[in-house]
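Undergrad: just a sequence and a predicted model for now, questions to come.
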Amino acid sequence: MDERNRLCHFGKLHAAPNTDSSSYKQQLTINELQTLETRKDDLNELDNPITDTELKQIVKKLKNKKSASLDLVKNEMIKASYEILSSIYLKLFNLILKAGIYPGVWYFGLITRIFKSN
């Protein structure tokens with residue numbers, strides 16, 4: 001690249017952005033993200049700890065007679081033990097939510113084929 005092309009190139013890089021340039025679009029995106037960042041306290045509902053009331057409602061909605069996952073915990077086991085272990089469940093799920101680290105077996109599911117009879 002000769003000197004004139006180099007000067008032209010760097011001149012364009014430092015020129016005022018026009019509305020069609022990608023740097024202008026990037027700046028708009030950055031501005032929008034900064035606006036969202038200032039509003040994040042309004043948008044953090046999912047970051048709040050799980051409450052005892054929420055957990056109780058969820059446990060009540062668990063369906064019976066469903067097969068256990070790879071962790072071998074059935075819904076009936078959670079329901080039967082909830083009154084005694086509710087504080088432990090609450091601490092466990094809030095710790096998992098806060099740390100963002102889930103037990104490895106929760107990443108997998110079992111899919112079983114059920115063949116139709118002819």
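TA: Okay, I see it.

Undergrad: pull the number of nearby residues for Y89.
TA: 19 (other CB atoms under 10 Å). (Each C-beta comes from the backbone N, C-alpha and C, glycine too.)

Undergrad: avg pLDDT for the host helix or strand of it?
TA: Using DSSP states H and E, Y89 sits within helix 75-99. What helix 75-99 shows for mean pLDDT is 95.

Undergrad: give the buried residues for it.
TA: For helix 75-99, the neighbour count (16 or more other CB atoms under 10 Å) marks 75, 89-90 as buried.

Undergrad: tell me the helices in this structure, going along the chain?
TA: 3-13, 22-38, 52-61, 75-99 (DSSP state H).

Undergrad: hang on, the earlier thing: closest one of the buried residues of helix 75-99 to L13?
TA: L90 (54.8 Å; CB to CB).

Undergrad: shaky segments in this structure?
TA: Applying pLDDT under 70 to the chain flags residues 1, 15-21, 41-43.
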